[in-house]
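> Need coordinates for the following:
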Amino acid sequence: MQYHVGGELVDAADATLSVDDRAVAFGDAVTDTLRCYGGTPFAWGTHVDRLFDACAALEFDPGVDAADLRARVEETLAVNDLAEALVRLSITRGRGGDCSTPLPDAARHRPPTDPDPTVVVTATPVPDGRGPVRLQTVRTRALPTASVPAAPLTHARLDAVRAQAELRTAAPPDDDPADEALLLDADGHVVGGTASDPVFVDGEAIRLPALGDRPARTATRSVVRELADGEGLPVADVPCTPADVRAAEEAFVAEPSAGIRPIVSLDGVAVGGGPVTDLLSRLFAERVASTCR
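Next up, the predicted model:
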């Protein structure tokens, strides 16, 4: 495998960042994962907007435009002979300044006035077996945007790491952990999964957890909204709790790798898909076929 690092293709074993790159030292970087079908990135514009908006929230210039970033993705896919792939895009603030100059510890956290961003593109084959998903609510709370703007798109993802660790420790000895964690905010409202966005349906509308100024965990949530709007289906952003999802008529997660996956259960309570989930899954497949095949 070869990855794109700092504008060059390098062997995966040599794809490294300096220990004083701010992504390594402080998690000072943005990232997003997208799905490629037939060698074409799906929902490319949405992903690019998310990345560049996250850079703006962290107040640094990405150092690339959308066309340059797209070219690096295509080069990475081509050199690895991958058509069906998950691609991770990362833009770090880089090293910046004179890193050889000793600085007090506090001053090292200060963003440089002359950042030198590093762009990293990796690609991996799409994982198998992306069927219905089991969700479990965790105690770990999602990072607040007041502390970390654009938190779901930064490298500072310890909330996701801790949530997945909870799933592993909570699983019975002879059972596998739940497939995905459900993260809440400090008030107990649903934010999203570690790498997915939950959506549920009641008798009145398709419900999306209200996020305020928090970006969604994935760009796929925006695609789901577009598809629902195109069919004239009512969509509402509402503060919701795990109990609302457990009581839903049907529920699913939106994620990059598989698009739409029914939620078979949340906290052991059966939920399942349904006609709306099936419709949106079909529309999603049609969108992929019309834009990527």
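> so residue 112 touches residue 93, yeah?
Yes. Here residue 112 reaches residue 93: they are 7.5 Å apart, a contact under C-beta atoms under 8 Å. C-beta coordinates here come from the backbone N, C-alpha and C atoms, glycine included.
> Name the residue in the two with the higher neighbour count.
A count of neighbours by other C-beta atoms under 10 Å puts residue 93 above the other of residue 112 and residue 93, at 25 against 16.
> next one: phi and psi at that one?
In terms of degrees, to the nearest 10, the main-chain angles of residue 93 are phi -70, psi -10.
> and it, how far is that from residue 18?
Distance of residue 93 to residue 18, computed by C-beta to C-beta, to the nearest Å: 12 Å.
> What of residue 87?
In terms of C-beta to C-beta, residue 87 sits 23 Å off from residue 18.
> Could you give the secondary structure assignment for the closest residue to residue 167 other than its chain neighbours?
Nearest in space to residue 167, with sequence neighbours left out and distances taken as C-beta to C-beta, 6 or more residues apart in numbering, is residue 177 at 4.1 Å. Following DSSP: H, G, I helix; E, B strand; the rest coil, residue 177 is assigned to coil.
> tell me which residues of stretch 161-176 are tucked away?
Residues of stretch 161-176 classed as buried: 162, 163, 164, 166, 167 (neighbour count, 16 or more other C-beta atoms under 10 Å).
> In helices only, show me those residues.
Those of the buried residues of stretch 161-176 mapping onto helices are 162, 163, 164, 166, 167, per DSSP state H.
> Okay, the residue lying closest to the second one once chain neighbours are set aside and residue 137: tell me how far apart.
Going back to what we said before, that points to residue 163. Closest residue to residue 163 apart from its sequence neighbours, by C-beta to C-beta, 6+ apart: residue 181 at 3.8 Å. Distance, residue 181 to residue 137, using C-beta to C-beta: 8 Å.
> And these two? Which one has more around it.
Between residue 181 and residue 137, counted using other C-beta under 10 Å, the more crowded position is residue 181 (26 against 21).
> before we move on, what SS does residue 72 have?
From three-state DSSP, the assignment for residue 72 is helix.
> quick one: it and residue 123 touch, right?
No. In this structure, residue 72 is not within contact of residue 123 by C-beta under 8 Å, at 10.5 Å.
> Kindly list the longest helix within this protein.
helix 275-292.
> Over it, what's the mean pLDDT, rounded is fine.
Helix 275-292 carries an average pLDDT of 96.
> List the contacts of that helix.
If you take C-beta atoms under 8 Å, 6 or more residues apart in numbering as the criterion, helix 275-292 is touched by 36-38, 40-42, 201, 206, 223-224, 227-228, 230-231, 233, 250-252, 259-260, 262.
> And it, what's buried?
Neighbour-count burial for helix 275-292 flags 276, 277, 280, 281, 283, 284, 287, 288, 292 (criterion: 16+ other C-beta under 10 Å).
> hmm, back to that, what pairs with the residue nearest to residue 163 across the strands?
Here residue 181 shows beta-bridge partners residue 136, assigned using DSSP bridges.
> Relative to residue 142, how far out is it?
10 Å.
> For residue 259, give me its contacts.
By C-beta under 8 Å, 6+ apart, residue 259 lies in contact with 35, 220, 223, 281, 284, 285, 288.
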